[in-house]
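here is my input; please provide its structure:
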Amino acid sequence: MATKAATGRKRMTQSEVFNHFAEKTGMKRGQVKEFFDELYNLASSEVKSNGEFVLPCFCKLFKSERKSLECSNPATGETIQIPAKTTLKFRVGKGMKDSVLPKK
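As a prediction, this is how the structure comes out:
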């Protein structure tokens with residue numbers, strides 16, 4: 001993962017992202033924020049109802065069921081049960097991988 005020291009730059013802030021899209025699209029900054037809010041609402045409702053949400057070439061958000069596990073406590077050696085649960089996962093799309101990562 002690229003860090004600030006490795007790239008010499010810090011990551012963009014939320015405000016910088018909104019400003020970038022406002023400049024590129026000609027939309028007002030408030031409209032860009034509304035767009036991102038609506039994208040968030042759409043993604044969360046789709047994952048809740050269908051179990052996944054896909055932004056083509058960019059990413060996929062999806063629910064994943066994690067099985068229960070039987071592990072041992074490293075400090076005491078006692079066997080403990082970790083219950084099953086539902087998690088949210090993010091998978092980078094092929095288009096994004098191909099554009100960011102160098103070809104082998």
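
the longest helix along the chain - what's its average pLDDT?
The longest helix of the chain (DSSP state H) is helix 29-50. In this model, helix 29-50 has a mean pLDDT of 96.

how far does that helix sit from the chain's center?
Once both centres are worked out by CA atoms, centre = their mean, to the nearest Å, helix 29-50 turns out to sit 13 Å from its chain's centre.

direction included, what does the helix or strand following it pair up with?
Using DSSP states H and E, the helix or strand that follows helix 29-50 towards the C-terminus is strand 52-55. Paired with strand 52-55 in the same sheet, following DSSP bridges, are strand 59-66 (antiparallel).

the partner strand: which residues count as buried?
Going by neighbour count (16 or more other CB atoms under 10 Å), the buried part of strand 59-66 is 61-62. Bear in mind the C-beta positions are built from the backbone N, C-alpha and C, glycine included.

and the next element down the chain from the helix or strand of the chain with the lowest mean pLDDT?
None of the helices or strands of the chain scores lower by mean pLDDT, DSSP states H and E than helix 4-7, at a mean of 58. Once the chain leaves helix 4-7, the next helix or strand it forms, by DSSP H and E, is helix 14-25.

for that following helix, buried residues please.
Under the neighbour-count criterion of 16+ other CB under 10 Å, helix 14-25 has 18, 21-22 buried.

now it against helix 29-50, angle please.
100 degrees (axes from the mean of the first three to the mean of the last three CA atoms, to 10 degrees).

packing partners of helix 14-25?
With contacts taken as 3 or more CB pairs under 8 Å, 6 or more residues apart in numbering; DSSP states H and E, helix 14-25 sits against helix 29-50.

just the CA trace of the helix it packs on, in CSV.
C-alpha atoms of helix 29-50 as CSV (Å, rounded to 0.1, in the frame of the first residue of the first chain):
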residue,chain,number,x,y,z
ARG,A,29,-20.0,21.7,-4.9
GLY,A,30,-23.3,21.2,-3.1
GLN,A,31,-24.6,19.2,-6.0
VAL,A,32,-21.5,17.0,-6.0
LYS,A,33,-22.0,16.3,-2.3
GLU,A,34,-25.7,15.4,-3.0
PHE,A,35,-24.5,13.1,-5.7
PHE,A,36,-22.1,11.3,-3.4
ASP,A,37,-24.8,11.1,-0.7
GLU,A,38,-27.2,9.6,-3.2
LEU,A,39,-24.6,7.1,-4.4
TYR,A,40,-24.0,6.1,-0.7
ASN,A,41,-27.8,5.6,-0.2
LEU,A,42,-28.1,3.6,-3.4
ALA,A,43,-25.2,1.4,-2.5
SER,A,44,-26.3,0.7,1.1
SER,A,45,-29.9,0.0,0.0
GLU,A,46,-28.8,-2.4,-2.8
VAL,A,47,-26.5,-4.3,-0.4
LYS,A,48,-29.2,-4.6,2.2
SER,A,49,-31.8,-5.8,-0.3
ASN,A,50,-29.8,-7.8,-2.9
